[in-house]
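Asker: Make a model of this:
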Amino acid sequence: MFGITDPGIYMAYLMVFLCLIFAVVFGIVNWNKGKLTDEETIETDLKWEEKEEQIKKEIT
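Answerer: A predicted model of the protein is given here:
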């Protein structure tokens, strides 16, 4: 079939198509996940600044 005699070539093509399908499904499922809202971003930044100030006080 198609002039390809080695079954390893068919397996490679199969794996490529399976990876493609997995990547598309993964992208659709996780499209907008992981983004912080403005409130979460502000809260995270404030915690970071508090820790930084505490470390500066400990150093000096």
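Asker: For L36, report the pLDDT, please.
Answerer: L36 is assigned 62 on the pLDDT scale.
Asker: same question but for I21, I mixed them up
Answerer: 98.
Asker: now do A12
Answerer: A12 is assigned a pLDDT of 95 by the prediction.
Asker: and it, how many neighbours does it have?
Answerer: 10 (other Cβ atoms under 10 Å). Yep, even glycine has a C-beta here, placed from its N, CA and C like the rest.
Asker: Next, work out how far apart it and W31 are.
Answerer: According to Cβ to Cβ, to the nearest Å, A12 stands 29 Å off from W31.
Asker: do T5 as well
Answerer: 42 Å.
Asker: Now do the SS call for N32.
Answerer: coil (DSSP: H, G, I helix; E, B strand; the rest coil).
Asker: my bad, should have said I42
Answerer: I42 - assigned by three-state DSSP - is helix.
Asker: And the one 5 residues further on, by the same measure?
Answerer: Here K47 is recorded as helix under three-state DSSP.
Asker: the bottom helix or strand of the protein by mean pLDDT?
Answerer: helix 38-59 (a mean of 87; mean pLDDT, DSSP states H and E).
Asker: tell me the secondary structure for T5?
Answerer: Taking three-state DSSP, the label given to T5 is coil.
Asker: Can you get me a residue count around it?
Answerer: 7.
Asker: Next: the one 5 residues further on.
Answerer: For Y10, the count of nearby residues is 12 (other Cβ under 10 Å).
Asker: That one: what's its closest spatial neighbour, skipping adjacent residues?
Answerer: Leaving aside its sequence neighbours, Y10 sits nearest to I4 (Cβ to Cβ, 6 or more residues apart in numbering; 6.7 Å).
Asker: so the one you found sits right up against A12, yeah?
Answerer: No - using Cβ atoms under 8 Å, I4 makes no contact with A12, being 10.1 Å away.
Asker: re earlier: now do the residue nearest to Y10 against V29, distance only.
Answerer: 34 Å.
Asker: same thing with D38?
Answerer: Separation of D38 from V29 (Cβ to Cβ): 24 Å.
Asker: go on, K56?
Answerer: Going from K56 to V29 by Cβ to Cβ gives 42 Å.
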